[in-house]
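Participant: Provided below for reference: sequence and predicted model.
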Amino acid sequence: MALQTDKILCLKMYEQMLTIRRFEEKAIELFEHNLIRGNIHPCIGQEAVSVGACSPLRREDFMVNTHRGHGNCIAKGADLKLMMAELLGKSTGYCKGKGGSMHIADFEGGNLGANGIVGGGLPIAVGAGVSIQNRGTDQVVACFFGDGATNQGTFHESLNLAALWKLPVIFLCENNLYALSTPVREAISVSKISDRAMAYGIPGMSLDGNDVLEVYAKMREAVERARAGEGPALLDCVTYRFFGHFTGDPGKGITYRSKEEMDQWLDRCPIKRLRERLIKEKGLTGEMEKTMEAKVKATIEEAVQFANESPFPPPEEATQDVFCP
Amino acid sequence: MIQGMVQGNREKGNRLPEITFVESLRMTLKEEMERDPSLMLIGEDIGRYGGIFGVTRGLLEEFGFHRVRSTPISESAIIGSALGAAMTGVRTVAEIMYVDFTTCAMDQIVNQVAKMSYMSGGKAKVPLVIRTQEGGGRGNAAQHSQSLEALFLHIPGLKIVMPSTPYDARGLLKTAIRDDNPVMFIEHKLLYATKGLIPDGEYLIPLGQADLKRKGKDATIVTISYMVTKALKAAARLAEEGIEAEVIDLRTLVPLDMDTLLQSVHKTNRVVIVHEGCRRGGIGAEITSRIQEEAFDYLDAPIERVGALDVPIPYSEPLENAVIPDEEDIVRAVKKVLYMA
């Protein structure tokens, strides 16, 4: 598609994608230094979906996230400092250290939280849609999930309900072709995930999830429809994760993906592709890039410093927040 | 003390004619929907049909589609969407037709609803009531007769309310709805037709306040929900034999009113716990532990647990009767703690 999106927006999206990439690289590094517990599920390679899908959203719009959700948090406007502090289990984190990588929520920024249960967030997104309809605002909900989630019952229950009630929910499949090690072709009965939209009588479309401008354009259309009360849509954003399922996956997923396939997708890196187009069509210069890289690096360093310097929560906090007062 | 407070409430205002448990619930939902214009109901067949037990009859007509949302058979979506709505400013009462069907929504209840506040470091507020009903006694067989409260008791983050009378149902449902936390509100199908007096004026019953349903000095029967009815009948029979059993209706499992329980144990020194769920891993196991931890020296006999046999609920009447505890089982247990059996 033609690069019609304006230059400022394009550069902003590029910077966001770069921020996500560098944030994830830093998170992996911190994990390897045992500063992050459990596991993280890096979204490196999928930045175009996060940024393309969140760019048409307003701050008050809702977002429901997945376990591979750092990119979506950043694209929805999260504060990197509070994110990093959460990853390090510090009391200054978004969830005071109680959530960790898989549960970052930022209610003020419309981020209703990520989910460690595949498909667990879809009904919650539907509920946010119900709430919007009942409160009579023109907010929308961006509901992220992976290809694996489309085989969960909640996917079908949620799309049906959202379609039935014409709720303003955009279902965004981050289709990275693998549910952990299981390829979509061995798990999904239709050739395209977007074909499943037909079953619920809603628009469905499969798109190049590594082309941020395509994701942005289709998401904008879906958001406009939803705001106008025309109901949900399913966008199947085909992409690829450059890392494994999680930080414990050997060889970045080489046990179930061929080297050739992984190399092919590296060539289709969403950041590289946008960069080439920005140089060609929007006058991105080496100087501009350097400035941007330095700014992103500084922001992330600042976040790491903030997280490092923040205190751990005292043990007695473990029994707080089970119920709100 | 607690009975006194409730008694006081009962005497306030004009009395309405006796109403059923179902009517009490319906009246309460209607009043709360009038009080909070955002309050929404969601569940299967709750609209035109009015719910299979008639609890929501007439509410769709009065409050409209947006506030009385009748859903497809999608339990996960019911609970998940109730959660999403509750988290974003719409106080919600979700209905799951039978507690047996909560298993279809267990991820949403256990992993989502119950953990949202904690996982978010207290940022998420979940004003959500999950109304459901449980229990046997009507020949509904193994998948429509269970008592599953012990499953939820094990999950931090859920309050659990199980009323035994139309009066309690009203006061507790109001409190549950106004609570900003998730509440499992578990009714009993055999209670729906029971009648009781309730005052005209508004009253709330705090969660975590047990009710002394019968005073006694010889033994304490700790129970909840429909088993309160059976326990009271058993206590009346025991009284004929000169045994004065105290009957404590816990009313809520989370929070659990240990104070009232312990006061009674200090007085009677003998305890029988009665519930309809299976004995193994039932609520009696938890309550027994708590009592022995906090009042071991006051006990004059091992605590007795009366619960269903550890089998699925059978269909045939004599079999079902054999599985679910009855008055006779309670009488026998009380005599056992008194070393009379």
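Facilitator: Now that the structure is in, tell me what you want to look at. Numbers count the residues shown, from 1 in each chain, chains lettered A, B, ... in the order given.

Participant: so where's the chain uncertain?
Facilitator: Just so you know, I chose chain A. Applying pLDDT under 70 to chain A flags residues A:1-4.

Participant: actually it's chain B I care about, not the one you picked
Facilitator: Using pLDDT under 70, the flagged stretches of chain B are B:1-15.

Participant: Per the annotation, how does it divide into domains?
Facilitator: Chain B breaks down into these structural domains: B:2-196, B:211-337 (assignment by automatic domain parsing).

Participant: Kindly check the end-to-end length of the shortest one for me.
Facilitator: In this case it means domain B:211-337. Looking at domain B:211-337, the gap from its leading to its trailing residue is 22 Å under the measure C-alpha to C-alpha, to the nearest Å.

Participant: cool, stretch B:195-207 as well?
Facilitator: Using C-alpha to C-alpha, one end of stretch B:195-207 lies 22 Å from the other.

Participant: try stretch A:62-82
Facilitator: Start-to-end span of stretch A:62-82 (C-alpha to C-alpha) is 19 Å.

Participant: Just confirm yes or no for that stretch near chain B.
Facilitator: Yes. Using C-beta under 8 Å from any C-beta of the partner chain, we find that stretch A:62-82 touches chain B at A:62, A:64. All C-beta spots, glycine's among them, are computed from the backbone N, C-alpha and C.

Participant: what does the stretch 101-250 of chain A put close to chain B?
Facilitator: Those residues of the stretch 101-250 of chain A that sit near chain B, judged by C-beta under 8 Å from any C-beta, are A:103, A:105, A:107, A:112-113, A:115-117, A:120, A:122-135, A:153-154, A:157-158, A:160-161, A:164-165.

Participant: One more pass at 6 Å, please.
Facilitator: Along the stretch 101-250 of chain A, the residues adjacent to chain B under the rule C-beta under 6 Å from any C-beta of the partner chain are A:103, A:105, A:107, A:117, A:120, A:123-124, A:126-128, A:130-131, A:134, A:154, A:157-158, A:161.

Participant: For chain A, find the nearest of the domains of chain B.
Facilitator: When the domains of chain B are compared for distance to chain A using C-beta to the nearest C-beta, the nearest one is domain B:2-196, at 2.1 Å.

Participant: which SS class is A:Ser131?
Facilitator: When classified by DSSP: H, G, I helix; E, B strand; the rest coil, A:Ser131 comes out as helix.

Participant: which ones are touching it?
Facilitator: B:85, B:88-90 (C-beta atoms under 6 Å, 6 or more residues apart in numbering or on different chains).

Participant: how about a markdown table for these, with neighbour count and secondary structure added?
Facilitator: Listed next are the contacts of A:Ser131 as a markdown table, based on neighbours: other C-beta atoms under 10 Å in any protein chain shown; DSSP: H, G, I helix; E, B strand; the rest coil:
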| residue | neighbour count | secondary structure |
| --- | --- | --- |
| B:Ala85 | 30 | helix |
| B:Thr88 | 24 | coil |
| B:Gly89 | 15 | coil |
| B:Val90 | 26 | coil |
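
Participant: Just give me the neighbour total for B:His297.
Facilitator: Wrong residue type there; residue B:297 is Asp, not His. Here the number of neighbours of B:Asp297 (other C-beta atoms under 10 Å in any protein chain shown) works out to 8.

Participant: what does B:Glu293 give?
Facilitator: A count of neighbours around B:Glu293, defined by other C-beta under 10 Å, yields 9.

Participant: Please apply the same query to A:Leu207.
Facilitator: Other residues within reach of A:Leu207 by the criterion other C-beta under 10 Å amount to 20.

Participant: so who does it touch?
Facilitator: Residues near A:Leu207 by C-beta under 6 Å, 6+ apart: A:214, A:218, A:237.

Participant: And these, which is closest to chain B?
Facilitator: Set against chain B, the nearest of these by C-beta to the nearest C-beta is A:Cys237 (22.1 Å).

Participant: For that closest one, name its beta-bridge partners.
Facilitator: Assessed by DSSP bridges, A:Cys237 has beta-bridge partners A:Glu174, A:Leu207.

Participant: mind checking how far it is from A:Asn175?
Facilitator: Counting by C-beta to C-beta, to the nearest Å, the gap from A:Cys237 to A:Asn175 is 6 Å.

Participant: before we move on, what about A:Ile188?
Facilitator: A:Ile188 sits 9 Å away from A:Asn175, taking C-beta to C-beta as the criterion.

Participant: more neighbours, those two?
Facilitator: Between A:Ile188 and A:Asn175, counted using other C-beta under 10 Å, A:Asn175 has the larger neighbour count: 28 against 19.

Participant: hang on, the earlier thing: turn the domains of chain B into TSV, including distance to chain A.
Facilitator: Supplementary listing: the domains of chain B in TSV, determined by distance: least, C-beta to the nearest C-beta, whole Å:
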stretch	distance to chain A
domain B:2-196	2
domain B:211-337	9
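
Participant: is it possible to export the ones you listed to CSV including distance to A:Gln139?
Facilitator: Converted to CSV, those look like this (distance: least, C-beta to C-beta, whole Å):
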stretch, distance to A:Gln139
domain B:2-196, 9
domain B:211-337, 34
